[in-house]
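K.L.:
Sequence isn't available, so here's the structure alone:
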Ligand SMILES: C[S@@+](CC[C@H](N)C(=O)[O-])C[C@H]1O[C@@H](n2cnc3c(N)ncnc32)[C@H](O)[C@@H]1O
């Protein structure tokens, strides 16, 4: 594989006992930007199919997902955002319009027709935090939902009335808990893609404002 090829690594399927540290090691603990992996690939496939209008990928990382949507999907404009400045730079180098922002805070009410998010979701022991950009990319705090919940809190505001959000959810994070949280915020949730691995199942939830759900 060429050195600059950062398509998802689907060759390194983890063993059943694979841990957060093993995952991180496989992805390069000291890499400042999350490399696309199986989760990125699953989100990209669903996003190419569903993204329409103004599309934002929150936590764009390398920009690989946003770039695929830009090239292969029907969105009219594709943006990326990330708190990590190295990620914003990588995404821009790829041709993605990327801004440094915390979740949806920088975006106007109802401005987004499609929102994509592959969040940091690994449940993490508070005594075992790394405090680097990989931590920011991977750790979802003790529950795994530290980023998912504030994202879902603000999504009703930023998503257009007939918009859709595609959220990647791991079984490690508590699928039912995420669905319940989204439903409580006025969304209908539908699973549009799912892949099982030895250590987790990844799902893509399509979230629509309840009054606009099909
Ligand atoms: C699991 S990685 C996904 C990267 C990329 N979207 C992909 O699928 O390959 C999560 C990304 O979310 C970013 N992130 C973490 N906290 C964030 C926040 N509060 N606002 C925006 N992005 C955030 C991380 O820097 C990281 O790039």
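P.N.:
Structure received. The structure displayed is predicted, hence computed values, not measured ones. Residues are numbered from 1 along each chain as shown.
K.L.:
following the top helix by length along the chain, which helix or strand comes up?
P.N.:
Longest helix in the chain, counting residues (DSSP state H): helix 38-50. Using DSSP states H and E, the helix or strand that follows helix 38-50 in sequence is strand 52-58.
K.L.:
ok and the helix or strand that that following strand is followed by relative to strand 52-58, angle-wise?
P.N.:
Once the chain leaves strand 52-58, the next helix or strand it forms, by DSSP H and E, is helix 64-72. Relative orientation of helix 64-72 versus strand 52-58 (axes from the mean of the first three to the mean of the last three CA atoms, to 10 degrees): 160 degrees.
K.L.:
got a list of contacts for helix 64-72?
P.N.:
Residues external to helix 64-72 that are found in contact with it (CB atoms under 8 Å, 6 or more residues apart in numbering): 6-8, 36, 40, 43-44, 47-48, 51, 55, 57, 60, 75, 78-80, 91, 94-96, 98, 116, 118. C-beta here means a position set from N, CA and C on the backbone, and glycine is covered the same way.
K.L.:
Go again with 7 Å.
P.N.:
Defining contact as CB atoms under 7 Å, 6 or more residues apart in numbering, one finds that helix 64-72 is touched by 6, 36, 40, 43-44, 47-48, 51, 55, 57, 60, 75, 78, 80, 91, 94-96, 116, 118.
K.L.:
hmm, back to that, what comes up buried for the longest helix of the chain?
P.N.:
38-48, 50 (16 or more other CB atoms under 10 Å).
K.L.:
Same question for stretch 135-147.
P.N.:
135-141, 144-147.
K.L.:
so, in contact with the ligand or not, stretch 42-62?
P.N.:
Yes. Under the criterion of CB under 6 Å from any ligand atom, the ligand is reached by stretch 42-62 at 43, 58-61.
K.L.:
Same list, those, but as a markdown table with distance to residue 184 and pLDDT please.
P.N.:
Converted to a markdown table, those look like this (distance: CB to CB, whole Å; pLDDT from 0 to 100):
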| residue | distance to residue 184 | pLDDT |
| --- | --- | --- |
| 43 | 23 | 98 |
| 58 | 20 | 98 |
| 59 | 22 | 98 |
| 60 | 27 | 98 |
| 61 | 28 | 98 |
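K.L.:
Dump those to CSV, plus distance to residue 123.
P.N.:
Listed next are those as CSV, based on distance: CB to CB, whole Å:
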residue, distance to residue 123
43, 20
58, 20
59, 17
60, 23
61, 20
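K.L.:
Okay, now stretch 185-205: how far is its last residue from its first?
P.N.:
14 Å (CA to CA, to the nearest Å).
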